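A.B. asks: Next one to model:
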Amino acid sequence: MRIIFLLLLFSGVVVRANNVQISNVSVANNLANTGKIIQFDLSWENGWRTTSTGNLDGVWVFFKFKDSDGTWRHLNFTGTNITMPSGAGFDMGNNTGITGVGMFVYRSQNGFGNTVFNGIRAGIQSYPGTFDVRGFAIEMVYIPQGSFYLGDGNTSANYFSDSTAGTPYQVTGLGSTIQIGTATGSLYDGQLQSPFSGNLSNFPTGYEAFWIMKYEVSQGAYRDFLNTLTKQQQESRFHVDINSAANSPIMSFNQTLHDNYLVVDTAAGTMKPAVVRCGNNDTASYEWKPALILSWPDVAAYLDWSGLRPFTELEYEKACRGPLSPQLGEYAWGNNTLNTWAIPNSNGTGTVIALQMADRGEINERATNVSAAVGNGTYGSAPYTGGFTPGYINLIRGGGFATAFSTRTSSGASYYGVMELSGNAEEPVITTRNAAGRSFTGRHGDGILTIQGNANENNWPGVNGNTGRDNPPGLYNSGSGVTSDGGITVRGGSHLGGTVQMRASYRDNYSGAGTATAAYRYELGIRGVRNVN
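C.D. replies: Alright, predicted model coming up:
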């Protein structure tokens, strides 16, 4: 049967802080008439490649197609018939034995500014039938291979250190070279939940190169994810009854307090899934705000669906500080300065230095009272102007502190240019403090979820409902997938209102967000990574 691919309006799964766009998508026979190729244009703003930090940004591109039964399925690349425009490089990445879940596209030469690559062509799987195709693009940052430090010199058990001396520990190789213990030259983990003195063999340490999301996943991106799921899969991801009426919020927490506006646009039918949109009753869409109030199973499902993976505590610190020596109490922007937004007194008196935003909920949402001298970030007790209630997290759009004249400090950027690693949402990461975390091997998602809408990857924390901290989650064997969170902790933020949790080396005493039920959904956001080799 002749294959026809119909172009659907491309609602890319992207964080649009830099306006990444896929356009002009078409599918045709290859020159040898032996298979199919997909062609598309790709562009994003504020791209870069530089030798000063040895890194670059790029875009992770993947496609879904709508099968004849109405189900959206992953469309894999074949790794053949690839043609790139001048100045563009690509990498299919390590697919863990699965061909072409997606591809990275990036600058092949040093440069800065708007990036436009037209006429990208790549071979794709051929399926009989007539299909709609939907493209997704996620901005990523390349973190090069190399040594880095864990801990910043704080002697608390909530910080990694070299032995029990409290000095920073330098990672110089793979996990097999990292011995956990108390002796000099060992990585001291003061949060171990049971005795352990082995190495971190097969555990992603951050020494090897990897790609990481430039921003936390936006509400618009999470909406696009939900809109490719079946009704049964949506049921696991909704916080409310899947049959809720149009305009019902799908999140279980107060929308206004959390600026979280994912709502039902079209109610689900007997067999049909609901259609989700972003936006409340005003004109703002809120789709560029980070997705929030998620459980670890929610996060894992998104990462598996997009072909990415969760990242580890060690990779988090590498992404923050790069190869630089640590500073005591530093945040992701490389120093210990922080613009502290004051909380008003209970009687409403006193000086209030509230974070002021313009164009709230829009693509150009930004802070208008950014400090040029100290680091800027949001945290749980930061009040905003415009009717927000102090004491709750109110997030800012990815890159909302950056301006044309920003420094690393004032924009809140990490050493490599990753945004909001300190502040905004809490980011779930895989911990070393228990067997459930240490058994993670870095396996990527394959773009496919269980029929219940859960991630189904081997050795991912919480797979097969594993909640035991001392129990490796093991292999997925046609079970329910990732439905719990053994092995997860959080970094970079706090829903409790403090600022210490924003520090690059602070390890939160996270007890777990439990299962995917509404009662266990916290202020978790989403950020994922992908290996290079």
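A.B. asks: for Gly119, helix, strand, or coil?
C.D. replies: Classification of Gly119 using DSSP: H, G, I helix; E, B strand; the rest coil returns strand.
A.B. asks: My error: substitute Gln233 in the last question.
C.D. replies: Assigned by three-state DSSP, the conformation of Gln233 is helix.
A.B. asks: just Asn46 next, same as before
C.D. replies: strand.
A.B. asks: confidence score at it?
C.D. replies: At Asn46, the pLDDT value in this model is 89.
A.B. asks: One more: Ser494?
C.D. replies: pLDDT for Ser494: 69.
A.B. asks: now Leu294
C.D. replies: 89.
A.B. asks: just Thr96 next, same as before
C.D. replies: pLDDT, Thr96: 60.
A.B. asks: ditto for Arg277
C.D. replies: Note on Arg277: pLDDT of 92.
A.B. asks: pretty sure it is in contact with Arg223, am I right?
C.D. replies: Yes: between Arg277 and Arg223 there is a contact under C-beta atoms under 8 Å: 6.6 Å. All C-beta atoms are positioned from the backbone trio N, CA, C, and that covers glycine.
A.B. asks: Can you give me every residue that contacts Ile242?
C.D. replies: By C-beta atoms under 8 Å, 6 or more residues apart in numbering, Ile242 lies in contact with Lys231, Gln234, Glu235, Ala268, Ala274.
A.B. asks: Without its sequence neighbours, what residue ends up closest to it?
C.D. replies: With C-beta to C-beta, 6 or more residues apart in numbering as the criterion, Ile242 has its nearest non-adjacent residue at 4.5 Å, and that residue is Glu235.
A.B. asks: now do Val25
C.D. replies: Excluding its sequence neighbours, the residue lying closest to Val25 (C-beta to C-beta, 6+ apart) is Phe40, at 4.5 Å.
A.B. asks: Met84 versus the one you found, what's the distance?
C.D. replies: 12 Å (C-beta to C-beta, to the nearest Å).
A.B. asks: Now the common contact residues for the two.
C.D. replies: With C-beta under 8 Å, 6+ apart, Phe40 and Met84 have common neighbours Ile120.
A.B. asks: Comparing the two, which residue is more hemmed in?
C.D. replies: Phe40 (25 against 16; other C-beta atoms under 10 Å).
A.B. asks: and the more buried one, what are its bridge partners?
C.D. replies: Ile120 (DSSP bridges).
A.B. asks: roughly how far apart are it and Ala436?
C.D. replies: Phe40 is 40 Å from Ala436, where distance means C-beta to C-beta.
A.B. asks: Asp265 and Pro273 touch, don't they?
C.D. replies: No: counting by C-beta under 8 Å, Asp265 stays clear of Pro273, with 11.4 Å between them.
A.B. asks: who has more neighbours, these two?
C.D. replies: Comparing Asp265 with Pro273 by other C-beta under 10 Å, the one with more neighbours is Pro273, at 22 against 15.
A.B. asks: For the residue lying closest to the more buried one once chain neighbours are set aside, which residues are in contact?
C.D. replies: Leaving aside its sequence neighbours, Pro273 sits nearest to Lys231 (C-beta to C-beta, 6+ apart; 4.2 Å). Lys231 makes contact with Ile242, Ala268, Gly269, Met271, Lys272, Pro273, Ala274 under the criterion C-beta under 8 Å, 6+ apart.
A.B. asks: Strands of the stretch 201-350 of the chain, start to end?
C.D. replies: 210-213, 262-266, 275-278 (DSSP state E, counting those that start in this stretch).
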